[in-house]
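Q: from the sequence below, what's the structure:
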Amino acid sequence: MTLWDKQTGSLDFSTLRTGYATGLTPTEVVLAIFARIDARGEDPAWILPFPRESVLARAVELERDGQRDLPLWGLPLSVKDNFDIAGYPTAEACRAYSRMATKTDPVVQRLLDAGAIIIGKTNMDQFGVGINGTRTDYGIPRNTFNPAFISGGSTSGGGVTLAAGLVSMALGGDAAGSGRVPAALNNTVGIKPTPGLIALGGGSRAGMSASHNVMTLTVADGVIATRVMIGYDLDDPLSRAEADTFHLKLTALPDVFRFGVPSKATRIFAGDAEAERLFDEAIARLERLGGQPVELDFAPFYAAAKMLYEDAFIARRYANLQSFFDAHEDQIYPATRDIIGWGRGYSGADVFVAQQTLARHARTIRQMTADLDILVTPTTPTTFTIEQMLADNIRNNAMLGTYTNFVNLLDMCAVTVPMGFRGDGQPLGISFVGQALQDSAAASFAQAFHTALGGKLGATQTPLPTPLEGAFA
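A: Below is the predicted model of the structure:
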């Protein structure tokens with residue numbers, strides 16, 4: 001007989017697997033989740049919670065088939081509303097863009113085939129443009145620790161549904177930090193794989209979703225979910241050939257390791273002394289784990305990060321939405337409209353110049369980090385209230401991307417985990433960043449740090465559990 005509590009029982013993988021092994025059923029979990037959703041009342045984290053009858057039917061189907069060895073069997077999932085699911089609308093947080101999907105995106109199908117149960121589709125920054133969570137036609141998702149603060153984005157609703165104890169994992173996309181910033185600001189985990197490991201077939205029509213990603217409550221959970229998502233796709237020209245043989249796993253840390261951090265002179269915290277304190281404490285915690293910090297002049301990283309929105313790369317946003325944008329410009333969220341519109345102003349020559357500039361930054365950074373085991377940064381310099389974000393949306397959003405925007409542009413991977421709490425109770429995150437295909441190292445360092453930090457899962461009262469052994473295999 002299971003002891004899982006319907007009101008407060010955790011949805012982390014370990015807890016649910018234990019519950020399922022001792023009598024809990026997916027149907028009971030789904031019913032409990034919808035009771036929790038009802039208790040929250042009107043919740044802009046969701047664009048479309050699925051009809052509970054269809055979700056319950058999925059749970060019954062899993063129970064009937066009995067394939068309990070599936071890696072995600074019976075685990076609830078929320079899906080960002082830039083992924084197509086057959087029979088449901090996809091709006092990307094823009095009402096004028098909404099249309100009915102006739103097929104399911106491949107990465108979503110992989111998760112379903114592994115046994116996941118989709119609870120619904122979640123809110124986001126419109127077209128994935130933004131990492132703050134306010135740029136939407138469907139209401140602003142609220143931070144799970146203080147509703148006056150932003151949730152982070154663009155996978156804003158996913159971050160909230162995960163931290164609030166409504167799902168075990170939240171599927172999103174991450175071009176500029178969209179799956180890391182909501183994790184950092186809601187005390188959860190965000191895994192952004194090396195670009196190309198997860199096929200992009202589907203996802204944001206805005207292009208730029210260089211990595212599909214998943215947010216979970218623990219690193220081990222994220223490793224298991226990401227494994228399901230990884231795979232080579234002949235139909236995706238950006239898919240990596242290594243994807244079919246790549247095995248993401250957790251490993252023990254070396255006794256001694258070198259980790260790069262922004263030098264004190266080049267760290268940016270936007271005047272947030274609490275964030276600076278938390279990062280100093282994080283460095284000390286890594287030293288206790290055997291790490292030797294190496295300070296780096298972060299100017300090349302910042303220069304690369306700015307290129308995502310302040311150079312010709314923004315033309316990709318416009319190119320992938322050009323026909324819709326030109327016809328419906330007045331129906332797009334103002335900040336989103338302005339940013340995508342910048343893409344009109346760049347020429348083909350500008351694009352080639354930008355590519356060369358980025359290549360120079362990438363070479364410099366590879367040389368700077370060649371003898372390091374991992375790169376460690378804050379996930380964001382600070383956080384903002386919703387009022388602050390709405391007052392200066394573009395500038396404050398850019399500040400949030402200080403340490404995240406460069407990762408995909410430089411073909412890197414990253415894992416975000418909790419770093420601790422400011423004095424006002426707001427959580428912040430820390431990122432472990434690796435070069436291409438160093439995903440296992442990034443996840444392993446993140447896992448070790450999260451274990452050393454401890455704490456609770458998301459905004460729940462559940463303590464961090466022992467990681468699933470399967471993530472180490």
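
Q: got a pLDDT number for the residue nearest in space to the middle of the chain?
A: Residue closest to the average C-alpha location in the chain (CA atoms, centre = their mean): Gly179, at 1.5 Å. On the pLDDT scale, Gly179 is placed at 96.

Q: what do you get for the one 4 residues further on?
A: pLDDT, Ala183: 99.

Q: one more: Asp236?
A: At Asp236, the pLDDT recorded in the model is 86.

Q: if we can go back for a sec, I figured the residue nearest to the centre of the chain hits Thr155, correct?
A: Yes. With contact defined as CB atoms under 8 Å, Gly179 reaches Thr155; the gap is 5.2 Å. From N, CA and C alone the C-beta is placed, and that goes for glycine too.

Q: overlap in contacts, the two.
A: Shared contacts of Gly179 and Thr155 (CB atoms under 8 Å, 6 or more residues apart in numbering): 172-173, 213, 215.

Q: could you give me the buried positions within stretch 321-341?
A: Judged by neighbour count (16 or more other CB atoms under 10 Å), stretch 321-341 contains these buried residues: 321, 324-325, 332-333, 335-337, 339-341.

Q: distance from it to the middle of the chain?
A: Here the centre of stretch 321-341 is set off from its chain's centre by 24 Å, with CA atoms, centre = their mean, to the nearest Å.

Q: among the buried residues of stretch 321-341, which ones are in helices?
A: Assigned to helices by DSSP state H, the following of these qualify: 321, 324-325, 335-337, 339-341.

Q: most widely separated two among these?
A: Greatest spacing in these, by CB to CB: Phe324 and Ala335 (17.2 Å).

Q: mind listing the strands for this protein?
A: Assigned by DSSP state E, the chain shows strands spanning 46-49, 76-80, 89-90, 99-100, 117-122, 169-174, 189-192, 211-216, 257-262, 291-296, 374-378, 413-421, 427-434.

Q: tell me which of the ones you listed approaches Ala443 most closely.
A: Using CB to CB, the nearest of those to Ala443 is strand 413-421, at 5.2 Å.

Q: just checking: what are the partner strands of that closest one?
A: Sheet pairing of strand 413-421 (DSSP bridges) gives strand 189-192 (antiparallel), strand 427-434 (antiparallel).

Q: for Ala164, find the nearest of those.
A: Ranking the strands paired with strand 413-421 by proximity to Ala164 (CB to CB) places strand 427-434 first, at 13.5 Å.

Q: now the closest one - C-alpha only, CSV.
A: C-alpha atoms of strand 427-434 as CSV (Å, rounded to 0.1, in the frame of the first residue of the first chain):
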residue,chain,number,x,y,z
PRO,A,427,15.7,31.5,-5.6
LEU,A,428,18.5,31.9,-8.1
GLY,A,429,20.4,29.3,-10.1
ILE,A,430,23.9,28.3,-11.1
SER,A,431,24.9,26.9,-14.5
PHE,A,432,27.5,24.3,-15.4
VAL,A,433,28.5,24.9,-19.0
GLY,A,434,30.5,22.5,-21.2
